[in-house]
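>>> fold the stuff below for me.
(one chain, ligands or ions: 1)
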Amino acid sequence: MREVLNRSKGMIVDHLKRRIQNEPITAIVVVEGDQTKEIIAYRPSIDDQPEYVLEQRLKPYADKRHNLLYSIEPNVESEAFLRKFDNIYHILPHPLLFRRDSIKPSTQIYSTDEEKAIIEDTYWGSKDEQDERYMKEAIMQAQVQSGDAKPKVGAIIVKNDSIIARANRTVIKRSRYSTRTLHAERYAILQAQENREDLTGATLYSTLEPCLGLGNNIESCSDLTCSSGISRVVFGVQDNFNFQGRAVEYLRNNQIACQKISSPELEEVLMKLKGKHNYLPKGVFA
Ligand SMILES: [Zn+2]
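Model (predicted):
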């Protein structure tokens with residue numbers, strides 16, 4: 001069994017290396033006895049109803065209790081179906097989900113750092129040079145944010161290869177006693193809208209994963225992005241404490257391609273800008 005799993009894992013890694021157009025892919029290998037039956041690859045951010053397609057393709061295998069080698073932890077939508085399988089050997093925990101009640105994989109079998117990096121990067125990393133160039137512009141916005149408060153966040157919006165809005169996280173004084181904080185992403189979108197820019201098909205670059213679900217019926221940056229016409233989001237670092245990649249999943253579920261920049265060169269400065277931002281201060285979100 002170990003041998004067939006290793007062989008199948010090799011297939012997944014090869015498959016992921018050949019990903020198309022910088023789009024994230026996940027892959028599943030169906031294993032029967034010592035045979036590799038099929039490799040199923042899909043693109044969670046752009047395939048139409050990927051979970052449904054996945055279910056259809058796995059259906060023929062469900063009755064006979066095959067094993068599955070999964071490149072990432074399954075989504076909520078596919079999970080009930082996947083429970084029909086004997087064993088799930090997944091090789092990488094889902095980079096976006098931290099659910100306590102999710103399927104416990106039989107084992108995690110990635111073995112080398114290189115394999116792990118390929119799988120992680122393929123799922124959501126962007127190594128595109130243009131993305132990197134624009135992320136540097138967003139970083140410059142974050143760096144000129146006034147005050148010392150963290151996180152420092154910069155955002156820009158790009159359409160047809162030109163920057164149509166730039167912003168950083170900005171505190172606006174409303175009265176002597178109250179201030180409101182405009183998130184960089186929100187501020188950039190509002191500016192573009194104010195200038196009557198058509199955001200259809202535009203890309204939002206943000207140094208931090210956009211916010212999601214702030215409560216109290218406050219529209220989050222992710223919600224605003226979804227209603228703006230923006231079709232792609234590239235962000236710098238994950239918001240570990242507050243949103244933990246949930247915004248990424250939310251955006252993808254709303255047909256917005258979403259990727260994290262994959263650049264060791266930028267990682268350090270992006271982490272520094274984020275700082276120890278580990279709480280949601282009450283009442284400061286615009
Ligand atoms: Zn926000």
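>>> contact partners for the residue nearest to residue 1 when sequence neighbours are not counted?
Of all residues not flanking residue 1 in the chain, residue 34 sits nearest, at 7.3 Å (Cβ to Cβ, 6 or more residues apart in numbering). C-beta: built from backbone N, CA, C; applies to glycine. When contacts are counted by Cβ atoms under 8 Å, 6 or more residues apart in numbering, residue 34 touches 1, 3, 4.
>>> can I get the helix or strand where the last one lies in PDB, CA atoms only?
So that's residue 4. If you go by DSSP states H and E, residue 4 is part of helix 2-17. Output in PDB follows, covering the C-alpha atoms of helix 2-17 (Å, rounded to 0.1, in the frame of the first residue of the first chain):
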ATOM      1  CA  ARG A   2       2.700   2.400   0.900                       C
ATOM      2  CA  GLU A   3       4.200   1.900  -2.600                       C
ATOM      3  CA  VAL A   4       1.000   2.600  -4.400                       C
ATOM      4  CA  LEU A   5       0.400   5.700  -2.300                       C
ATOM      5  CA  ASN A   6       3.900   7.000  -3.100                       C
ATOM      6  CA  ARG A   7       3.400   6.400  -6.800                       C
ATOM      7  CA  SER A   8       0.000   8.100  -6.700                       C
ATOM      8  CA  LYS A   9       1.400  11.000  -4.700                       C
ATOM      9  CA  GLY A  10       4.100  11.400  -7.400                       C
ATOM     10  CA  MET A  11       1.200  11.600 -10.000                       C
ATOM     11  CA  ILE A  12      -0.500  14.400  -8.000                       C
ATOM     12  CA  VAL A  13       2.700  16.400  -7.700                       C
ATOM     13  CA  ASP A  14       3.400  16.000 -11.500                       C
ATOM     14  CA  HIS A  15      -0.100  17.000 -12.300                       C
ATOM     15  CA  LEU A  16       0.100  20.100 -10.100                       C
ATOM     16  CA  LYS A  17       3.300  21.200 -11.600                       C
END
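>>> elements contacting that helix?
Counting contacts by 3 or more Cβ pairs under 8 Å, 6 or more residues apart in numbering; DSSP states H and E, helix 2-17 packs against strand 26-32, strand 35-42, strand 67-70, helix 113-124.
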